[in-house]
Structures are given as C-alpha cells and as structure tokens.
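Asker: any chance you could fold what I've pasted below:
(chains A and B)
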Amino acid sequence: MPQHILLVDDEPDLLKALVVRLEVCGYSCDTASHGAAALQKIQTHQPDLVLVDLLMPVMDGYEFCRKFKAEPRTASIPVVIVTAVPERAMKFSAKELGACFVLHKPFDFHNLLAIVQSLLASPQSP
Amino acid sequence: MNKPQESSLYVLLVEDNPGDVRLIREALAERADSSLTLECVDRLSIALQRLDTAGVDVILLDLSLPDSQGLDTFIKMHRRAFRVPIIVLSGLDNEDVAIEAVQKGAQDYLVKGQVEGYVLVRAMRYAVERKRAEENLRVANERFRLAAAAVNSVIYERDLVRDQVIWSIGLSELFGYNPQTLEPMGKWWLMHLHPDDQERVREQLTNDIAQGKDFIAEYRFLHANGHYVDVWDRGRVQRSETGEVIRMVGTMVDITARKETERLKDEFVSTVSHELRTPLATMREFTEILMDQLSGPLNSVQQEHLGIIKANVERLARIVDDMLDIAKIEAGHIILRREIIGLNPFLEQVVHSLHPLAESKQVDLRLDLPATAMPAVFADPDKLTQVLINLIGNAIKYIPLKGQVTVKVEERSNEVMFEVQDTGVGIAEADLPRLFEKFQQFRRVRGVRGAEGTGLGLAISKRLVELHGGQIWATSMIGHGSSFFFTFPKYSAEEVFHEHLRSGIEDARRRQSRFSVIVCGLANFEELKTLYEFGAVGQLLKELESLLRGVVRGKDGDVIIRWQRGEMLVILAEVDQQGAQSIANRLQHSVEGKTFSIGSHCVSVQIGTATATYPDEALTESELLALTEDRLPHSMAPKKRVLVVDDETKIRQLIKEMLELRGFSVSTAASGPEALEQLKRTPVDIILLDLTMPVMDGYEFYHILKETPQFQHIPVLIITGRGQRKDRELGLGNARYNYLDKPFEVEDLLAKIRNILQETHINKIAPESLPVKALRRASDFGSP
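Answerer: Have a look, this model is predicted:
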C-alpha cells in the first residue's frame, strides 16, 4: 500500500504537476482546493502527509492547520506548508501552525521531494 | 544730498471745525507746494463715501465729528481704508485717544494748533512712506505664507541657544496648531513626533547640529486631530560671527500623499510579483516533467526546445525576484541584519560555492587574500553574499571561455575594498556610468548563451552596498577585462554596539518579544588598577571576558560582549526579565570562588550585575543603558567627572583631593579659556566655578558655556564669597543657578554636587543630553 499524500492548494495546475511527480515517485495522491474540502476528504481517507498552501478561498491554510492539529486523530500527521507568502509576511510561524516545514514558491521539486521522503521515512509515533 | 523726488500727494482732511480747516489750509499754503492737493469734508459718513473712489494718498482725521466721536471715528475709518495712511488730529485735551489710535494702526498724530506747515507735510510724507513699507512687508509675508501653503509646508526657525522655535502660520493649516498660542519650546515639537521616530530624529538632529550639517529627516508628526502626518524636514544651521551654531531655519513638508503613492506602488509591485510566481512555478514544473520524459519520450530537437523554455522560465523567475528586491530596497523595507563577519572564511565560502559555475565555463576562479588576516566587517552576511555572487557570477558569465576571475580584498584606512577582476572582453567606457542603473544591458559578449541577466543585478548590488555606507564602481578596458570594486566601511566598536542595541530593540518591537541589556561590572577594578600595572590588569580582563563569554555563549540567541571603559561588560540578548536575571546570576556564579592570577599573584574578582528589559522597563536605547547604569551597585557606576575652575592653585588642589577621595574623577583649570579648551577634549558631568578670576571672570565663562550648544547642558556649581553673587546676577539671563557660599564644609559641597547630578539625571529628557551621553559612553568603549 503506497503512502498517501493530500495536497491542498487553489492552483489546480500546480497541484497536477506535483501529483504527476509524486506519483512517479511511488506515492498515492489526493487533492483539495481549500482547507474545508481537505478536512472533508480526511474523514474518509486519512493521509500520511499533508502539503498545504496558506492563502486559499473558503478556508485558508492557517485555519486548516489549526483544525487539523486540534483533532487528535490527525494531530500527529506531518504538515508541510507550500506557499508564496514570504516568511516575514506569514501571520503565524510554521512552529505556531504545527507544521514541519515551510516551502516558499517557487520551489525546487527536488527539495520538496527530499522533505517528503524524510518525513515519510521516519513515521512519527502518536 | 539726494533728496527723494516729491511725488504728488492727495490729502483728505476730515474736519468739521472751519477754523481748524482754515489753519491747516494756511499751514499748507505756507509751503507753496504744488504737488499737494487738499480736499476737505466735515462728516465721517461723507469721508467714507469719498473713499469709494481711489486717489486719496493720506487722511488727516479729526476724531470729534458730528456723526462720530473719539477712537470709534478712527476705527471706522481704518476699517474702511486700511491701506491709506491716517494721521489723527487731536486737541490738547485728547492726546491719549490719539495715542491709542496710533497703537491701533494710525501712522501718526498731530496736536491741532501746534502744527506748522513743514511739520505737517513731513508727517504726511513719512506716513505715506511708512504705510508703503508696511504694505510691502505685509504683501511679502502673505506671499511667503501662500508659497509655504502651496508646497504644503511649515517654515520654522529654531533658536538653538534657547531651544525655542518660531513657526510659520502653516503650522495651523498643515497640523492644526495655532503657532500664536503654542509653547515655543523645541520640546513641544519633539513630543509631537511619533514615539517610534523620536529617538532617531532627536539623535540625528543633535549630531547634525554638532557637525553643522544640514538636517534632513522623515518622520511622522502628530496632527491636532490625533492623526500622524508624514513629514519631510530639512533644516539648515546658521552660525554666529564667532562660528557657533546658533540657529536652524527649515521647512517641514507634508509628504503624506507621496508616502501613500509609494506604499501603493510597493504593494502593487509585490502583489504582482507574487501573482507571477505561482504560474511560473507551474510552468517550471511541467517543463521539467516533460524534460524528465515522465509523460513520454522526447527527440533531441524537442529536448533542446524545452531547454530554451526552461532557461527563460528561470530567467523570468529571477527578474521577478530581483524586482521584488529592488522594490523592497526602494521602499526602505530592507532591514540589514548586521553582524561581525570574519572576511577570510567568509570569502572562501562564497568563492567555493561558485566553483561549479566557474568550472562549467572553464573559468579559473581565484581568491587572492593578503597574507595578513583581514579585519572583520560589520555587515549583513546575506547581502554581502548577494553582492559578491552577483559580481563574481557576472564576471564568469561574461567571459567567453577559459578566462580568469580573481577576487581580492584590501584593507584601507576606513574601509575594506573588494575587487572582482576578470579577463573578459571588457565594457565600453561610455557604458561604465550607466552600468549600475536599472535594466541596463550591455553588449559585452555576442553569442554567449545563457548570459542574459535580469538587468537588475548591478542596480541591486549598488543599493545594497550603499545601504551599508559603501561605494561601488567599475573600471574596464575593451579587450582587457573589467574590474568591479566596492567598499564596506570598517566599523568601530561603538557603532557595532549601538547597531546591535538598535536592531535588538527593533526586532523585539516587531516580534513583540523581549530584549535585555545585561551590564556586568568588575567591583574591585579600581583597586586592581592601583595595585597592578596596566598590562597585567588588561590580561586579567581578557581572561575574565572569555570566562564570561563561555557562560552565555549559545544559550540565549544573539549575545555580544564588549568591555566598556575597561571595567564593564555589556550583554545584549533576546531574553525577557527573567532570562536576563538568570544570565546575570550565571555570570555571578561563574566567578564565585575562582581565583585569577596577575603575574605571580592570585587575586579574586567580584562582579556586580544589572539588567534592563525592553519593553517592560524601558523603550529606547538610552533608557535601557541609563537604567542599567542606575541599577549597578554604586561603586561600579562610571566615575562622575568634575572640572574645577579656579585661579587659586591651593583651592583647586584642595577641592580636587577632597573629591577624588569620594570617588570622583577630577580635572582642574586655572582660567576660563583653559577650562573651555579642556572641555573640548574631555566632557565632564559638572563644573565647579569660581566667580572672581582674572582674564575671564566666572560670569563671562558661564555665559560662553551656556551659549555653546555642546556645553550648555553641563551643570555648573558657582562657588562664591557671600555678597558677590548679586552684583551681576541680572546679566545672566533667567537660568537657575546653583550657588555655594565660601567658606563651605566638604559635606555641603558633596551634597550640592550629588543634588545637581541627580537633578541632571532626572532631566535627561532634554533633547541634547541623552544622545551626547550615549555617544560619550560609546566612545569610551574598547579593550583596556
């Protein structure tokens, strides 16, 4: 059973590119276009890792992280923030959001892959 | 003598008494002056009507008329014809009213029956001239006011000796304050600056005045309606004949609209750039997916074409990054995070990181460091890296193939100069001046692929270098390569210290976190200094420093340690009150029970500590430092410096010895001029002044002192014989004096001095005293 990654971003093209690449690397992927849709998907299929943008309609990444980390069932699942918001403009730091990493767009896919691999290779104990 | 040509004069006489009219007619007829025309009316109402038509040059006005009486007559007339000079005619019995009329704007008054022809004519001519001068002045003032209003500015004149400011009327138009009802002190202005700007502007003003430079600053100024207005202020100092800076005249310009436009532009640029990044990221991803043949095999032509797409996507991404950089720098949003950078390892690392690029073009990249270690520079390492990478990267890019790029550094008296030299094709001389402008591309090399830059790299480098206070330039010869140079100033210890303090506070403010100053003093430093020779004590201090450094290192974020005046250690840390206290405790523990050796002797050291935390306890640099100074156990605070000015050698010596016993540092001067000379070299905390001295007496000295901006805040204690003090007291203006009568008890003198010093300490809010103090403190920095 391949490890499952949930990608949350309101840019469908970028999501598609990432999905193509991650699937080639052996991961299974699912996507959501905002935080609320992502939380819904998690109800039925719990991911091993979440990649989430910050600025999205309906529910932004900040709120998604807060809810995701507040829920005991998902709190220990690693989250990586992928955003165009520069660090000093972020409303909360990665630490405050409970995220493992922040990747700023435009990013190099190989950096993303390295982060994904390192997080999924060392599963966190609940 | 040049007699001004008499112009014709049309006189309107308002007088109801035919006898008086006749007298005036006769008086004028005496003069037989054909340029004079006299018209008489006997009622105020008729006179007022007459004034509807122009042509009256001067009015002779009797105040008692059938239809109007007394001062009222003048007021009505003046209101109607305020540009026509009026001479009031009065009887002997109502001269008072006439004088009142003059105070209210009449040009003159004449007593009826005492008027001779020539007096009358002269009075009228003078009245006309005076009125014209007044009018010119009024027009000039109005023009000045309108001009100031038109450019949205307030004009001010700052009296630096008395610290008073005179404001133009624009103050009410721009900022809603009435300059007439205003407290004229410079402090009023300062208190209305945005709290975040006060310290910076005050410091800059003090420095600029001290150096006699033009003062140029931007700050936010409080409008009477409670909002802040963005202001651009430019003042020019004026000197007295003796060269002292006495006055500053300048303008405050409302730049709120400009600031708003700038802000919108910045916002636009950064929004657009961010919006561009997302599609760019997508394009890059799919290009790479295609190139990696994840979506099917490609032939070689397709691969080449994709390569071109990818290179251009990368280039567009770089342009977006650079545009964001430029926008940030131009908006003043770049905050330099300066630290002390050891150049040797730093340059090695930067050059090393560029080796792959150099190798790919078969360029020989060399770092040519002098044999001696380079001094450290105080700079933002990321920005210095960016500049170096840009220049070295350019050099490599623009070399056709197999060239050489050499990076050199040279220490100069005040700066470090970096040079990036290449053996490329060179740049045409005509292109050199435009090299550092935005979007300048030069045809340096034809047909070098991938060499396209963004056109912004050099412009960014220039701005980054200039932000650090350095310069950048290039020399080149076509066919012989180019050299790019830039300088970074060497920083002195006190600048580093202040920069750390300033940026620490700024960071804490932005992050809403805490920042602490921890001062540590060697309690028995004085004793050690008297017991052992200087070099040995210095060695001990170094030893102690490294011990203390070890205690704080790495535990609390950024920590720097400097010796201050040889006996103090200051630590700046991103910690709160508790954290600061725990560092202080660790410092205390670390020396407890330890012995140090000075030569063959074993000595123990005792240290005292004090902390102050932003923002809980103090908000500005100076406040933090003052607080720690206050809190440090008394014996450890820096010695107060006293200057004794007395022409009697015995008294000088006596006071010196007495005060030194009590822990003051004392210098003496036998005369006023000598004292002034000394003060220029070494500032003091208080002056003890004898009044009766030859050459320059105490009062004169006091005067000079109070008129010199540099010295005027030094408190003075006047020591005088009883009865001496009153004789010329009036000559000293209205300052408060501190007197001590001779003969005095030692305790009285000490109490007086302590009082004055404590008072000065409390009054530190005075504009000049704090920065001067801070600078003085800083200048005493450095290893013993």
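Asker: on the three-state scheme, the residue nearest to the spatial centre of chain A is what?
Answerer: Centroid-nearest residue in chain A, with Cα atoms, centre = their mean: A:Leu51, separated by 1.4 Å. Three-state call for A:Leu51 (DSSP: H, G, I helix; E, B strand; the rest coil): strand.
Asker: likewise for B:Cys520?
Answerer: strand.
Asker: give me the beta-bridge partners of it?
Answerer: B:Leu569, B:Thr609 (DSSP bridges).
Asker: from memory it sits against B:Thr611, does it?
Answerer: No - assessed by Cβ atoms under 8 Å, B:Cys520 is found out of contact with B:Thr611, at 9.6 Å. C-beta: built from backbone N, CA, C; applies to glycine.
Asker: so for these two, which residues contact both of them?
Answerer: The contact sets of B:Cys520 and B:Thr611 overlap at B:Ala584 (Cβ atoms under 8 Å, 6 or more residues apart in numbering or on different chains).
Asker: just give the number of residues close to residue 14.
Answerer: In the absence of a named chain, chain A is used. Neighbour count for A:Leu14, taken as other Cβ atoms under 10 Å in any protein chain shown: 23.
Asker: that's the wrong chain, I meant chain B
Answerer: There are 26 residues near B:Val14, going by other Cβ under 10 Å.
Asker: and the one 4 residues further on, by the same measure?
Answerer: Neighbour count of B:Pro18, defined by other Cβ under 10 Å: 10.
Asker: pull the contacting residues for B:Val551.
Answerer: B:Val551 neighbours (Cβ under 8 Å, 6+ apart): B:Ile583, B:Arg586, B:Leu587, B:Ser590.
Asker: who wins for neighbours among the residues you listed?
Answerer: B:Ile583 (24 neighbours).
Asker: for the helix or strand containing that residue, which positions count as buried?
Answerer: Taking DSSP states H and E as the criterion, B:Ile583 maps to helix B:577-591. Residues of helix B:577-591 classed as buried by neighbour count (16 or more other Cβ atoms under 10 Å in any protein chain shown): B:Gly579, B:Ala580, B:Gln581, B:Ser582, B:Ile583, B:Ala584, B:Leu587, B:Ser590, B:Val591.
Asker: if we can go back for a sec, could I get the contacts of B:Val551 as CSV with distance to chain A?
Answerer: CSV is the format used below for the contacts of B:Val551 (distance: Cβ to the nearest Cβ, whole Å):
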residue, distance to chain A
B:Ile583, 24
B:Arg586, 26
B:Leu587, 30
B:Ser590, 32
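Asker: for residue 9, phi and psi?
Answerer: Defaulting to chain A. Backbone torsions of A:Asp9, given as degrees, to the nearest 10, read phi -160, psi 150.
Asker: show the pLDDT at it.
Answerer: For A:Asp9, the pLDDT comes out at 90.
Asker: ok, now how distant is it from chain B?
Answerer: 9 Å (Cβ to the nearest Cβ, to the nearest Å).
Asker: ok, for that residue, nearest residue in space, not its chain neighbours?
Answerer: A:Asp53 (4.2 Å; Cβ to Cβ, 6 or more residues apart in numbering or on different chains).
Asker: any low-confidence regions in chain A?
Answerer: Flagging of chain A using pLDDT under 70 yields the residue ranges A:88-89, A:122-126.
Asker: top strand in chain B by residue count?
Answerer: strand B:228-239 (DSSP state E).
Asker: how about that strand, which residues are buried there?
Answerer: Buried, per 16+ other Cβ under 10 Å, within strand B:228-239: B:Val229, B:Asp230, B:Val231, B:Trp232, B:Asp233, B:Gly235, B:Val237.
Asker: cool, and stretch B:608-624?
Answerer: Buried, per 16+ other Cβ under 10 Å, within stretch B:608-624: B:608-614, B:617-624.
Asker: repeat that for stretch B:29-42.
Answerer: Neighbour count says stretch B:29-42 has B:Leu36, B:Cys40, B:Val41, B:Asp42 buried, by 16+ other Cβ under 10 Å.
Asker: and for stretch B:646-653?
Answerer: Neighbour count says stretch B:646-653 has B:Asp646, B:Asp647, B:Ile651, B:Arg652 buried, by 16+ other Cβ under 10 Å.
Asker: please enumerate the helices of chain A.
Answerer: A:12-24, A:35-44, A:61-70, A:94-97, A:109-121 (DSSP state H).
Asker: with distance to chain B added, can I get the ones you listed in JSON lines?
Answerer: Formatted as JSON lines, those follow (distance: least, Cβ to the nearest Cβ, whole Å):
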{"stretch": "helix A:12-24", "distance to chain B": "3"}
{"stretch": "helix A:35-44", "distance to chain B": "18"}
{"stretch": "helix A:61-70", "distance to chain B": "14"}
{"stretch": "helix A:94-97", "distance to chain B": "12"}
{"stretch": "helix A:109-121", "distance to chain B": "6"}
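Asker: go through those helices and name the closest to B:Tyr739.
Answerer: helix A:94-97 (62.4 Å; Cβ to Cβ).
Asker: and the closest one, what's buried?
Answerer: A:Ala94, A:Leu97.
Asker: returning to that earlier point: reformat the helices of chain A as JSON lines; add distance to B:Glu244.
Answerer: Shown next, in JSON lines, are those (distance: least, Cβ to Cβ, whole Å):
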{"stretch": "helix A:12-24", "distance to B:Glu244": "67"}
{"stretch": "helix A:35-44", "distance to B:Glu244": "68"}
{"stretch": "helix A:61-70", "distance to B:Glu244": "60"}
{"stretch": "helix A:94-97", "distance to B:Glu244": "56"}
{"stretch": "helix A:109-121", "distance to B:Glu244": "63"}
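Asker: nearest to B:Val14, of these?
Answerer: That would be helix A:61-70 among the helices of chain A, by Cβ to Cβ, at 83.7 Å.
Asker: and the next element down the chain from the helix or strand hosting B:Val119?
Answerer: For B:Val119, the element it lies in under DSSP H and E is helix B:117-150. Counting by DSSP H and E, the next helix or strand C-terminal to helix B:117-150 is strand B:153-159.
Asker: the helix holding B:Val119 vs strand B:153-159, what angle?
Answerer: Orientation check (axes from the mean of the first three to the mean of the last three Cα atoms, to 10 degrees): helix B:117-150 against strand B:153-159 gives 110 degrees.
Asker: show the contacting residues for the residue nearest to the centre of chain A.
Answerer: So A:Leu51 contacts A:Ile5, A:Leu6, A:Leu7, A:Val8, A:Asp9, A:Leu18, A:Val79, A:Val80, A:Val82, A:Leu112, A:Val116 (Cβ under 8 Å, 6+ apart).
Asker: out of the residues you listed, which is most surrounded?
Answerer: A:Val8 (29 neighbours).
Asker: my guess is B:Gly672 meets B:His703, correct?
Answerer: No - contact criterion Cβ under 8 Å: B:Gly672 and B:His703 do not qualify, at 9.8 Å.
Asker: tell me which residue in the stretch 201-350 of chain B sits closest to chain A.
Answerer: For the stretch 201-350 of chain B and chain A, the shortest gap (Cβ to the nearest Cβ) falls at B:Glu285, measuring 3.4 Å.
Asker: count the neighbours of that residue for me.
Answerer: 22.
Asker: quick check, it in contact with A:Phe109.
Answerer: Yes - counting by Cβ under 8 Å, A:Phe109 is a contact partner of B:Glu285 at 6.4 Å.
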